[in-house]
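[1] Sequence and predicted structure, then a few things I'm wondering about:
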Amino acid sequence: MFKLEFCKSLSANDLGLTQSHQAGLLIPKRIARLPYFPILDRFSENPRESMTFYSIDLKTSIQLSYIYYNNKDRGYGTRSEYRLTGTTKLFRELKAVPAQNLEFGYIDNSVRAIIIKNEDEVEINSPNQAKRPYITTNGWKIVEQK
C-alpha cells in the first residue's frame, strides 16, 4: 500500500513546457531536509546522489538524480538550491499535464515510490490513512507526521 509523504502540484515549467533551461524539479529546502531524501555533503561542489523510485503508473523502477547546486554557498554563482533531475523524460512517459500532482511516498514503508494524480484525487486525508493535516510551501503539500 502507498503511504503519501508529500506531493507537488505540477506547473508547465516543471514539465518543461515553457522552454526554460531549468533542470528538473526545484525541491524547497524544507522538503529537502525530510528523511525521504539522502543527506548530501554540502561542502562538496554540487553534490548529487542517484535515487531509485518505483513508478506506480509505469510499474517500473526509475532513477532520478538528487542534486544540491551550491555555487552561491561556495562564493561564486547564484544558485543555492536542491533539484530532482531526470524528470522531463519521466513526465513525458507519464503524459503528465499542469495541475496534476506528483505524489511521493513509500510502498511497504521502505520502497520510495511516486504516482501522478489529478488534483481531485490527492489522498492527503483519505479514508485509508489516518487523518493528518498538511502544510504547504510553493505548490508542495507535506503530510505532517505525528
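    Ah, there it is.
[2] Look up the closest residue to Gln22, ignoring the ones flanking it.
    Distance criterion C-beta to C-beta, 6 or more residues apart in numbering; nearest residue to Gln22, sequence neighbours excluded, is Asn13 at 6.8 Å. To be clear about C-beta, it is placed using only N, CA and C from the backbone, and glycine gets the same treatment.
[3] Before we move on, what's the pLDDT of that neighbour?
    Model confidence at Asn13, expressed as pLDDT, equals 87.
[4] Around it, how many other residues sit close by?
    Asn13 has 14 neighbours, counted by other C-beta atoms under 10 Å.
[5] ok but Thr88 is inside a helix, no?
    Yes. Assigned with DSSP: H, G, I helix; E, B strand; the rest coil, Thr88 falls within a helix.
[6] still on that earlier bit, distance-wise, check the residue nearest to Gln22 relative to Thr78.
    Distance of Asn13 to Thr78, computed by C-beta to C-beta, to the nearest Å: 18 Å.
[7] Ok, Lys141 next?
    In terms of C-beta to C-beta, Lys141 sits 28 Å off from Thr78.
[8] So these two - more neighbours on which side?
    The neighbour count for Lys141 versus Thr78, taken as other C-beta under 10 Å, is higher for Lys141 (19 against 8).
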